[in-house]
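# Make a model of this:
(one chain, ligands or ions: 2)
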Amino acid sequence: MSEPGLRLLRDRVRAFPDFPEPGVLFRDISPLLKDPVAFRTLIDLLEDHVKASFPKIDFIVGLDSRGFLIGPPLAQRLGIGFVPVRKKGKLPGATQSISYSLEYGKAELEIQSDAVEPGQKVVIVDDLLATGGTMCAACELLKRLKAEILECLVVIELKSLKGSEKLNSIPFHSLLQYD
Ligand SMILES: O=P(O)(O)OC[C@H]1O[C@H](OP(=O)(O)OP(=O)(O)O)[C@H](O)[C@@H]1O
Ligand SMILES: Nc1ncnc2[nH]cnc12
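Ligands and ions are numbered 1, 2, ... in the order given. Predicted structure coming up:
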């Protein structure tokens, strides 16, 4: 993987102490999204990783809402579709839903029941893995639809929160790691 590319991405992530609540060091990707070279580099690196790892993927699944900034451009590069997993009450029709906890609160995620057919292969994408609560909940939704989860893929992993351990045997990959 391209070290200068990863360095550029790291340079474009800011840290804000005590946001959105005391004790949380918030990793903000806004400068990365604002810089077209860095944003393109991000999608290049994700594309390279996914193409090298998986010969066939049916869908990129993205998590509400920052996963929606990264998943669709990646899906377009790969020439495949994008499936949203949304916060509660946003998706019409039959849905599967699940409650979960994240680093700073609780929420509920939903997927449309017909979003993925049994056996279809998906990669789940988000900006960041902290406690892993959000990603774990998304995996549970995809498992209920009998999708094959090839990998959970994030830009940033907060290692000290050990979120990847929650994913058990599901493959996981992050581009940038922070303590
Ligand atoms: O690993 P966890 O502890 O579950 O935390 C990670 C999640 O937290 C953030 O989302 P948030 O719910 O803040 O929503 P947003 O993307 O709409 O800001 C982030 O984008 C991840 O989805
Ligand atoms: N520390 C953090 N920074 C940014 N997004 C997050 N989501 C959960 N924890 C986070």
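
# and the spatially most central residue of the chain, bridged to which residues?
For the chain, the residue nearest the mean C-alpha position is residue 126 (1.5 Å; C-alpha atoms, centre = their mean). Beta bridges link residue 126 to residue 154, judged by DSSP bridges.

# what secondary structure does residue 9 sit in?
What DSSP: H, G, I helix; E, B strand; the rest coil gives for residue 9 is helix.

# Can you tell me how far residue 118 is from residue 147?
Distance of residue 118 to residue 147, given as C-beta to C-beta, to the nearest Å: 7 Å. Bear in mind the C-beta positions are built from the backbone N, C-alpha and C, glycine included.

# For those two, indicate the residue with more neighbours.
Using other C-beta atoms under 10 Å, the more surrounded residue of residue 118 and residue 147 is residue 147, with 24 against 8.

# My guess is that one contacts residue 113. True?
No - judged on C-beta atoms under 8 Å, residue 147 makes no contact with residue 113 at a distance of 11.9 Å.

# Report the contact partners of the residue nearest to residue 120 when sequence neighbours are not counted.
Take residue 120 and drop its neighbours on the chain: the residue closest to it by C-beta to C-beta, 6 or more residues apart in numbering is residue 58, 4.1 Å away. The contact partners of residue 58, taken as C-beta atoms under 8 Å, 6 or more residues apart in numbering, are 80, 81, 116, 120, 121, 122.

# Tell me the pLDDT of residue 58.
Predicted confidence (pLDDT) for residue 58: 99.

# Could you give the backbone dihedrals for it?
Main-chain torsions, residue 58, degrees, to the nearest 10: phi -90, psi -40.

# now it: how far from residue 35?
31 Å.

# likewise residue 103?
Taken as C-beta to C-beta, the span from residue 103 to residue 35 is 26 Å.

# Those two: who's more crowded?
residue 103 (20 against 16).

# The more buried one and residue 23 touch, don't they?
No - counting by C-beta under 8 Å, residue 103 sits too far from residue 23 to count as a contact (9.4 Å).

# Now do the buried residues in the strand or helix carrying residue 40.
According to DSSP states H and E, residue 40 maps onto helix 36-53. Residues of helix 36-53 classed as buried: 38, 39, 41, 42, 45, 46, 49, 50 (neighbour count, 16 or more other C-beta atoms under 10 Å).

# what packs against that helix?
In this structure, helix 36-53 makes packing contacts with helix 3-11, helix 30-34, helix 67-78, strand 148-158, strand 172-178, judged by 3 or more C-beta pairs under 8 Å, 6 or more residues apart in numbering; DSSP states H and E.

# who does residue 107 bridge with?
Beta-bridge partners, per DSSP bridges, of residue 107: residue 100.
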